[in-house]
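[1] Return a 3D structure for these sequence lines:
(one chain, ligands or ions: 1)
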Amino acid sequence: MEVVVSIQDIRERVKSFRENQLTVGFVPTMGALHEGHLSLVKKAKGENDKTVVSIFVNPLQFGKNEDFRQYPRTFDNDCELLSKEGVDIVFHPKASEMYPEGFCTLVIPEHLEDKLCGKLRPGHFRGVAVIVLKLFNLVKPDVAYFGQKDFQQTVIIKRIVSDLNLDVNISVLPTIRNKEGLALSSRNAYLSETEREGALCLYKALAKAQSTINAGIINTKEIVQEMEKIIRNCKSATIDYVSVVNPETLEEVPRVSSGDVATLAVRIGKTRLIDNIICVSTI
Ligand code: AMP
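    Numbering: from 1, shown residues only. Take a look at the predicted model:
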């Protein structure tokens with residue numbers, strides 16, 4: 001496995017893959033890797049000749065008062081994990097090369113960026129849009145792999161690929177959870193033992209959404225109320241939002257049908273966690 005840092009080097013490596021007609025699978029990450037990330041890597045490995053993983057904590061997608069500085073950075077351990085998976089290249093660029101002085105171009109996913117997480121994290125999805133577009137331009141993947149866990153991100157990326165006619169396939173893979181249902185996240189590292197217990201309310205609320213639908217209730221307001229009741233029972237939890245939305249527009253639906261997404265963001269102590277499920281309805 002090779003660690004590539006410079007833009008020139010990643011371009012050269014990718015060019016040689018292309019010249020040899022090798023397909024490239026790409027997994028963009030911010031590092032602090034866990035089984036959720038590795039599930040994407042395994043899939044990329046299985047479906048492509050070459051696998052590239054980027055590790056870059058993107059300053060552009062963090063708000064002023066967010067956790068850019070504290071965000072866990074475990075580069076050596078990440079490389080060990082990726083090497084075991086048989087990854088070909090880890091792309092680990094420097095912020096100063098990705099965003100040199102004078103950088104000023106925005107990518108604005110209008111109508112999608114100000115919903116759900118975007119309401120509370122203004123500018124976040126512009127930052128995501130810019131970095132993903134830049135990485136796609138550098139790595140030129142055939143397929144890029146993303147986790148359903150960051151649902152709004154997947155919707156926005158698919159939209160950008162379609163709107164800007166990018167020549168890449170987007171593959172969205174299921175959320176990996178621990179035994180108790182907690183979605184794996186690099187930010188789980190911030191949780192104390194008791195907070196980790198409290199964080200289970202996210203999945204419990206999502207499971208409640210599905211069981212409510214199974215019981216024949218498809219009115220979103222009622223479903224959201226049931227979900228919020230569960231979260232309020234957890235002392236350390238504060239709700240940012242709970243919603244059931246259309247998987248393309250991110251608009252809240254009045255009544256739930258299969259494919260709509262129950263999604264939430266909850267702060268456990270100071271740690272903001274997100275999760276979602278794709279709803280199934282037989283009605
Ligand atoms: P991040 O490093 O948090 O930017 O995540 C990199 C990629 O891994 C994104 O596409 C995430 O959606 C995905 N990811 C993070 N956590 C999980 C998880 N628990 N299950 C599946 N994919 C995940």
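[2] switch to C-alpha atoms for all contacts and neighbour counts from now on
    Noted.
[3] what's the helix or strand containing residue 159 in contact with?
    Applying DSSP states H and E as the criterion places residue 159 in helix 151-163. With C-alpha atoms under 8 Å, 6 or more residues apart in numbering as the test, helix 151-163 has contacts from 109, 112-113, 116-117, 125, 128-129, 132, 146-148, 166-168, 170, 172, 247-248, 250, 276.
[4] Tell me how many other residues crowd residue 104.
    Residue 104: 7 surrounding residues under other C-alpha atoms under 10 Å.
[5] what about the helix holding residue 159, average pLDDT?
    The pLDDT scores in helix 151-163 average 98.
[6] ok, now stretch 195-214?
    Averaging pLDDT along stretch 195-214 gives 98.
[7] One more: stretch 6-14?
    98.
[8] Intersect the contacts of helix 151-163 with the contacts of the ligand.
    146, 147, 148 (C-alpha under 6 Å from any ligand atom).
[9] list the contacts for the last one?
    Just to be clear, that refers to residue 148. Contacts of residue 148 (C-alpha under 8 Å, 6+ apart): 154, 172, 173, 174, 175, 276.
[10] Next: the first one.
    For residue 146, the contact set (C-alpha under 8 Å, 6+ apart) comprises 27, 28, 40, 154, 170, 171, 172, 173.
[11] again, only this time at 7 Å
    27, 40, 154, 171, 172, 173 (C-alpha atoms under 7 Å, 6 or more residues apart in numbering).
[12] Go ahead and list the helix or strand containing the nearest residue to the first one once chain neighbours are set aside.
    By that I understand residue 27. In space, and not counting its chain neighbours, residue 27 is closest to residue 53: 4.7 Å by C-alpha to C-alpha, 6 or more residues apart in numbering. Residue 53 belongs to strand 50-55 when assigned by DSSP H and E.
[13] give me phi/psi at residue 96?
    phi -70, psi -30 (degrees, to the nearest 10).
[14] Count the neighbours of it for me.
    Residues contacting residue 96 under the criterion other C-alpha under 10 Å number 8.
[15] just to revisit the earlier point, can you say which of the contacts of residue 148 are buried?
    Taking 16 or more other C-alpha atoms under 10 Å as the criterion, what is buried in the contacts of residue 148 is 154, 172, 175, 276.
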